[in-house]
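[1] take a look and give me a structure for this.
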Amino acid sequence: MKHDIAKLSADSLRSYFIDKYGIKVKSGHAHEIVAAFFGFKSRIAMLADKNQIVNNWEAEFILLDPPIYFILDPTISLINQRLQNLQDLSPDLPLGHVLAEEIYAVLVAQLSQYRRLRIFFKSGLPSTKWERDVNIEHKDDGVLLTVDVGYRTDAKERLRDSKYVIYLPRIAANLGYSTPRIEETLFSGWARKYSDEEWLKL
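    Here you go, the predicted structure:
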């Protein structure tokens, strides 16, 4: 099913500016902000991308739950850069993270029929306070997440429990992905004490 999500997001953003701040923003400027949210360098680049969100949304998953904020961190920077480069914008507009949340709300409402990719690590064991270290690598065709899951002993020593390597093949913009590839490594015994770098030196 096709959606003109970029237009919906831009129109919603313009309404948000008027309702919340009493500021009128040009349609072209709103589209530039939306393009930055989706990870594109310009509205023209967004429209030119054959898999972009405007004309072709065929993703199996939409990443609208944790770790969404890890994925969106770079695009918030893009939004702030775009705000600085656009001409004749009011200085009273909010920063990128506020605008990203508003566009995000539009996506949640409009793309509710898609499967959302939720990744929970050890959430079924509430008695243990799990610590998660997440590393994100943005590739040309997807996103690679490496998640180290560990916990603290009574002596405050951190031990590793498991590691997940998750590759999300990108289908549409920076939110739509096909089936992820997930590799899980479980640690036991003395192996729990070592990081990957330390492990290679042994």
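
[2] contacts and neighbour counts: CA atoms only from here.
    Fine.

[3] doesn't Thr75 fall inside a helix?
    Yes. With DSSP: H, G, I helix; E, B strand; the rest coil as the criterion, Thr75 is part of a helix.

[4] my read: it touches Gly39, true?
    Yes. Using C-alpha atoms under 8 Å, Thr75 is in contact with Gly39, at 5.5 Å.

[5] off-centre distance for the longest strand seen in the chain?
    If you go by DSSP state E, the chain has its longest strand at strand 158-172. What separates the centre of strand 158-172 from the centre of its chain is 14 Å, taken as C-alpha atoms, centre = their mean, to the nearest Å.

[6] C-alpha coordinates for that strand, CSV please?
    This file holds the C-alpha atoms of strand 158-172, laid out as CSV (Å, rounded to 0.1, in the frame of the first residue of the first chain):
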residue,chain,number,x,y,z
ARG,A,158,30.5,-6.5,35.3
LEU,A,159,30.0,-9.8,33.5
ARG,A,160,28.9,-10.4,30.0
ASP,A,161,25.8,-12.6,29.4
SER,A,162,25.3,-12.4,25.7
LYS,A,163,25.9,-10.4,22.5
TYR,A,164,23.5,-9.7,19.6
VAL,A,165,24.6,-8.7,16.2
ILE,A,166,21.6,-7.4,14.2
TYR,A,167,21.6,-6.3,10.6
LEU,A,168,18.6,-4.4,9.3
PRO,A,169,18.5,-4.3,5.5
ARG,A,170,17.0,-0.9,4.6
ILE,A,171,14.0,-0.7,2.3
ALA,A,172,12.6,2.7,2.7
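
[7] which non-adjacent residue is nearest Ile182?
    Ile166 (4.5 Å; C-alpha to C-alpha, 6 or more residues apart in numbering).

[8] residues near the one you found, how many?
    Here the number of neighbours of Ile166 (other C-alpha atoms under 10 Å) works out to 18.

[9] got it, and Gly22?
    Gly22 has 11 nearby residues by other C-alpha under 10 Å.

[10] that one and Ala191, how far apart?
    Separation of Gly22 from Ala191 (C-alpha to C-alpha, to the nearest Å): 58 Å.

[11] again with Phe40
    Applying C-alpha to C-alpha, the value for Phe40 to Ala191 is 42 Å.

[12] how far does stretch 18-34 stretch from start to finish?
    Length of stretch 18-34, first residue to last, C-alpha to C-alpha: 17 Å.

[13] mean confidence score for that stretch?
    The average of the pLDDT scores along stretch 18-34 is 93.

[14] next: stretch 98-108.
    On average, stretch 98-108 scores 80.

[15] hmm, back to that, higher neighbour count, Phe40 and Ala191?
    Each of Phe40 and Ala191 has its neighbours counted (other C-alpha under 10 Å); Phe40 has more, 22 against 14.
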